[in-house]
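*Asks:* Next one to model:
(one chain, ligands or ions: 1)
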Amino acid sequence: MQASPHVRNLKNNYTLMKRTEFLNTLGIGLAAACTGCLASCGKGGEATPGGGAVIPPPVPPAGVNFTLDLNTELKTVGESKTNSGVIVVRLAASNVPASFTAVQVACTHEGTSIAFNTNQGNFVCPNHGSVFNSTGAVTTGPATTNLKKYNIAVSGTTLTVTG
Ligand code: FES
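*Replies:* Numbers count the residues shown, from 1 in each chain. Okay, the predicted model is just below:
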């Protein structure tokens with residue numbers, strides 16, 4: 001036989017009271033416990049809302065060294081290419097280093113791959129909306145750490161990325 005709604009409410013109130021009393025015995029008020037959780041939620045490497053698994057911020061790739069052939073790759077402004085955890089974008093037409101940018105592709109918040117927004121000239125993370133300028137600096141959170149920027153050299157039509 002199922003309990004009446006009144007009896008279920010009494011049971012729920014009793015359970016809630018016991019949890020509150022338990023927190024009080026630890027010297028932690030319910031409001032303080034929730035405030036602490038909310039303050040830590042949403043930053044990379046910390047607890048997620050609801051107490052889920054901790055997602056560490058990604059470690060940017062190191063020892064990167066690859067080349068791209070500009071005869072066949074990154075031919076148009078706004079075009080991007082991802083290699084070795086680095087996204088390389090052509091920002092201007094001429095084949096000089098200043099016409100390109102190369103940054104880690106993993107968002108510094110929780111590691112989702114960012115994408116280049118040609119119209120805005122910036123990188124956007126589709127997960128929680130962080131925005132980084134073309135050199136990888138954070139302009140909109142929740143990310144708080146800049147993307148790692150890599151070195152670019154151009155020799156003829158060979159672009160080399162290192163870092
Ligand atoms: S993973 Fe959260 S903003 Fe990119």
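*Asks:* ok, which stretches of the chain are helices?
*Replies:* 5-25, 30-40 (DSSP state H).
*Asks:* lowest-confidence stretch among these?
*Replies:* Of all the helices of the chain, mean pLDDT reaches its minimum on helix 30-40 (a mean of 34).
*Asks:* Pull up the residues of the protein that are close to the ligand.
*Replies:* Within the chain, the residues that sit near the ligand (Cβ under 6 Å from any ligand atom) are Cys107, His109, Glu110, Thr112, Cys125, Asn127, His128, Gly129, Ser130, Pro142, Ala143. (Each C-beta comes from the backbone N, C-alpha and C, glycine too.)
*Asks:* Now list the buried members of those residues.
*Replies:* Buried members of the residues of the chain next to the ligand, counted by 16 or more other Cβ atoms under 10 Å: Cys107, His109, Glu110, Thr112, Cys125, Ser130, Pro142, Ala143.
*Asks:* Contacts only, for the third one.
*Replies:* Applying Cβ atoms under 8 Å, 6 or more residues apart in numbering to Glu110 gives the contacts Gly44, Ile55, Pro57, Pro58, Asn127, His128.
*Asks:* Strands of the protein, start to end?
*Replies:* Using DSSP state E, the strands found in the chain span residues 65-69, 80-83, 86-90, 100-104, 115-117, 122-124, 131-132, 138-140, 151-155, 158-162.
*Asks:* now those strands as JSON lines including mean pLDDT and mean neighbour count?
*Replies:* Listed next are these as JSON lines, based on pLDDT from 0 to 100; neighbours: other Cβ atoms under 10 Å:
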{"stretch": "strand 65-69", "mean pLDDT": "98", "mean neighbour count": "14"}
{"stretch": "strand 80-83", "mean pLDDT": "98", "mean neighbour count": "16"}
{"stretch": "strand 86-90", "mean pLDDT": "98", "mean neighbour count": "23"}
{"stretch": "strand 100-104", "mean pLDDT": "98", "mean neighbour count": "26"}
{"stretch": "strand 115-117", "mean pLDDT": "98", "mean neighbour count": "16"}
{"stretch": "strand 122-124", "mean pLDDT": "98", "mean neighbour count": "21"}
{"stretch": "strand 131-132", "mean pLDDT": "98", "mean neighbour count": "20"}
{"stretch": "strand 138-140", "mean pLDDT": "98", "mean neighbour count": "15"}
{"stretch": "strand 151-155", "mean pLDDT": "98", "mean neighbour count": "14"}
{"stretch": "strand 158-162", "mean pLDDT": "98", "mean neighbour count": "17"}
